[in-house]
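A.B. asks: coords please:
(chains A and B)
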Amino acid sequence: MAPARRSLGRDAAALLGLAVALSACGGEGGGGGGQSEASRVTVFAASSLTQAFEAMAEELEEDSPGTSIRFNFGSSSDLATQLEQGARADVYASADEANMIRVMDADLVEGEPSVFVKNKLEIIVSAGNPEGIRSLEDLENSELVLSLCNEECPAGKYAAEALDKAGVNVEPDSLETEVKAVVTRLQVGEADAGIVYASDVASAEGEVEGVPIPAADNVIATYPIAQLTDAESAAGEFVDFALSKRGRAILEEHGFLVP
Amino acid sequence: MRRPPRALVLLAALAASFFAVPLAALAWRAPWASLPEVLTTEVVGSALRISLVSSLAASALSAFLGLPLAWVLARVPFPGRSVLRALVTLPLVLPPVVGGVALLLALGRLGLVGRALESFFGVTLFGTLPGVIVAETFVAMPFLVLTVEGALKGLDPRYEDAAATLGASRGLVFWKITLPLAAPSVAAGAVLAWARALGEFGATITFAGNLPGETQTMPIAVYTALLRDVDAAIVLSLVLVAVSLLVLVTLRERWAPQA
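C.D. replies: Below you'll find the predicted structure:
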């Protein structure tokens, strides 16, 4: 028993020392250290915007060296909850209007939100479309492993609307909580088909394919963006960039529709 | 020694492969060629640092606060003790996301306690390393409390009684007799708490956010990478596995009582 006692105290001290040393050595590299005159804009954005927004931030940071952008990507509703509970952010971009309204109701939006991008639904299938899926009707085949989002997430809600409009009854084999999880299922071969945004198909190009859904059945998601109250002065730059010609071009490259 | 029963050995082998095969699958599917490239990205470095610092700090904090709580639960009879014990056990069964929301409501900037933290001390936890540590401690501390409480109850009371009859004060008995006797269980509890904190995802992303370089831990980085690139997610997972194994092996050799 005695040796255990001695080594416990020593190891606990070593452990704490290690933690302190690690946090100290990472201080500068982490980006949290220097808060000089540079403006750091915090953007809370729906996870479907991940790649497009990262590309935008890269260009914006190059154009205006004093500005740095950091992101908090998550589901629109989680982000809205964080904002309602006082998390500080300068810009919020939601994948639906309902969550933007929540943030507006909490008096956190400066001015008016603008719809900066739209997204249509597509059927997602494995590369080469081995099951030969051509339409929503083809998803009725119960042999198919079908992956959808649950209706709490906007993509799931829209998919249900689209299926309803097409008069198609499906039996999904998985209900994901997030649209990217459907993409992942297709990428790892766990599902034969799913319904996701066109932008999601574009983001996994090569591994998956999109089958268009006709406009009559399709549901278009609208993404609003807004500057938040007490935002960093450079917050407007990011919003403006997202609405600019260049910003729209980047969004289009990533499979979004621009209004 | 007699030959062990064949059925037991077979079942044990099945259990072992149940753990080994998924790990082997990760290694098998890993894009080894792009490994150095992914490993040297800033995001991985900062996520690894944040994970190590926060999990070690959460483990230390769990020991610092959890040990007294375990002692009270084990030694002080009072009405409502079983309610308190249930309360401590709750984070073990609660989905971590729910814990994160509850923490946000309590310690967020507009929360019950967070409001005071902000106005009196100017402290906000969202988006900060201390926020990550708080979320991890919330889910990790119960492991320490329950481990240590069990050990304290199993201690032979004669040592403490003897010290007391020889004139030692209650405090002295705790420091000189109880604590050294309970040391191995404190160490085991701290390791369990550390492991739980390292793998923590739900409470952390909800309460502290997903900010690369600040609150993005390894599990959150894996999740975020999965949104854009399965290969990167696999590499990150492998890193997490390697670090966990390294620390567990090191700690086991030094701390855990060998059979």
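
A.B. asks: looking at it, residue B:63 is touching residue B:190, isn't it?
C.D. replies: Yes - in this structure, residue B:63 is within contact of residue B:190 by CB atoms under 8 Å, at 4.9 Å. In this view, the C-beta of every residue, glycine as well, is placed from N, C-alpha and C.

A.B. asks: ok, these two, which is more surrounded?
C.D. replies: The neighbour comparison of residue B:63 against residue B:190 (other CB atoms under 10 Å in any protein chain shown) goes to residue B:190, with 29 against 23.

A.B. asks: okay, residue A:28: pLDDT?
C.D. replies: Predicted confidence (pLDDT) for residue A:28: 36.

A.B. asks: and what of residue B:114?
C.D. replies: The predicted structure scores residue B:114 at 88 on the pLDDT scale.

A.B. asks: what's the local residue count around it?
C.D. replies: The local packing count at residue B:114 equals 22, with neighbours defined by other CB under 10 Å.

A.B. asks: who's in contact with the nearest residue to residue A:136 once chain neighbours are set aside?
C.D. replies: Closest residue in space to residue A:136, ignoring its immediate chain neighbours: residue A:166 at 4.3 Å, by CB to CB, 6 or more residues apart in numbering or on different chains. Listed by CB atoms under 8 Å, 6 or more residues apart in numbering or on different chains, the contact set of residue A:166 reads A:135, A:136, A:137, A:213, A:217.

A.B. asks: is residue B:52 located within a strand, as I assumed?
C.D. replies: No - per DSSP: H, G, I helix; E, B strand; the rest coil, residue B:52 lies outside any strand segment and is helix.

A.B. asks: which of the three states applies to the residue of the stretch 101-250 of chain B found nearest chain A?
C.D. replies: Closest to chain A within the stretch 101-250 of chain B is residue B:109: 2.6 Å, counting by CB to the nearest CB. Per three-state DSSP, the local secondary structure of residue B:109 is coil.

A.B. asks: if I look at it, how far off is residue A:83?
C.D. replies: Here the criterion is CB to CB, to the nearest Å. By it, residue B:109 lies 10 Å from residue A:83.

A.B. asks: these two: who's more crowded?
C.D. replies: For residue B:109 and residue A:83, the more surrounded residue by other CB under 10 Å is residue A:83, and the numbers stand at 22 against 18.

A.B. asks: helix or strand for the more buried one, which one?
C.D. replies: Assigned by DSSP states H and E, residue A:83 belongs to helix A:76-84.

A.B. asks: what comes into contact with that helix?
C.D. replies: The set of residues external to helix A:76-84 that reach it, using CB under 8 Å, 6+ apart, is A:44-46, A:72, A:74, A:89, A:92, A:94-96, A:99-100, A:102-103, A:106, A:108, A:152-154, A:228, B:101, B:104, B:108, B:110, B:126, B:205-206, B:209.

A.B. asks: now, of those, which are buried?
C.D. replies: When neighbours are counted using 16 or more other CB atoms under 10 Å in any protein chain shown, these contain these buried positions: A:44-46, A:72, A:74, A:89, A:92, A:94-96, A:99-100, A:102-103, A:108, A:153-154, A:228, B:101, B:104, B:108, B:126, B:205-206, B:209.

A.B. asks: so which of those residues are in helices?
C.D. replies: Here DSSP state H is the test, and these give A:99, A:100, A:102, A:103, A:154, B:101, B:104, B:205, B:206 as lying in helices.

A.B. asks: how about the helices in the stretch 151-259 of chain B?
C.D. replies: Assigned by DSSP state H, counting those that start in this stretch, the helices in the stretch 151-259 of chain B fall at B:157-165, B:170-173, B:179-198, B:202-207, B:218-226, B:230-254.

A.B. asks: next, the buried residues of the first one.
C.D. replies: Using 16+ other CB under 10 Å as the burial criterion, the residues of helix B:157-165 that qualify are B:160, B:163.

A.B. asks: does chain A sit close to it?
C.D. replies: No - if you take CB under 8 Å from any CB of the partner chain as the test, helix B:157-165 misses chain A, and the best it gets is 10.4 Å.

A.B. asks: what mean pLDDT does that helix get?
C.D. replies: 90.

A.B. asks: what helices or strands is that helix leaning on?
C.D. replies: Helix B:157-165 is packed against helix B:170-173, with contacts defined by 3 or more CB pairs under 8 Å, 6 or more residues apart in numbering or on different chains; DSSP states H and E.

A.B. asks: which parts of the helix it packs on are buried?
C.D. replies: Neighbour-count burial for helix B:170-173 flags residue B:173 (criterion: 16+ other CB under 10 Å).

A.B. asks: over to stretch A:231-239?
C.D. replies: In terms of neighbour count (16+ other CB under 10 Å), stretch A:231-239 has its buried residues at A:231, A:232, A:234, A:235, A:236, A:237, A:238, A:239.

A.B. asks: which of those residues fall within strands?
C.D. replies: Assigned to strands by DSSP state E, none of those qualify.

A.B. asks: farthest-separated two in these?
C.D. replies: The largest separation in these, counting by CB to CB, is between A:232 and A:239 at 11.6 Å.

A.B. asks: any idea which helix or strand carries the residue lying closest to residue B:204 once chain neighbours are set aside?
C.D. replies: Distances taken as CB to CB, 6+ apart place residue B:135 nearest to residue B:204, at 4.4 Å, with adjacent residues excluded. Following DSSP H and E, one finds residue B:135 within helix B:129-154.

A.B. asks: packing partners for that helix?
C.D. replies: Helix B:129-154 makes packing contacts with helix B:42-75, helix B:81-93, helix B:96-107, helix B:179-198, helix B:202-207 when contacts are defined by 3+ CB pairs under 8 Å, 6+ apart.

A.B. asks: at 10 Å instead, please
C.D. replies: Helix B:129-154 sits against helix A:2-26, helix B:42-75, helix B:81-93, helix B:96-107, helix B:179-198, helix B:202-207, with contacts defined as 3 or more CB pairs under 10 Å, 6 or more residues apart in numbering or on different chains; DSSP states H and E.

A.B. asks: save these as TSV, and put in distance to residue B:233 too.
C.D. replies: Conversion of those to TSV gives the following (distance: least, CB to CB, whole Å):
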stretch	distance to residue B:233
helix A:2-26	22
helix B:42-75	11
helix B:81-93	27
helix B:96-107	19
helix B:179-198	17
helix B:202-207	15
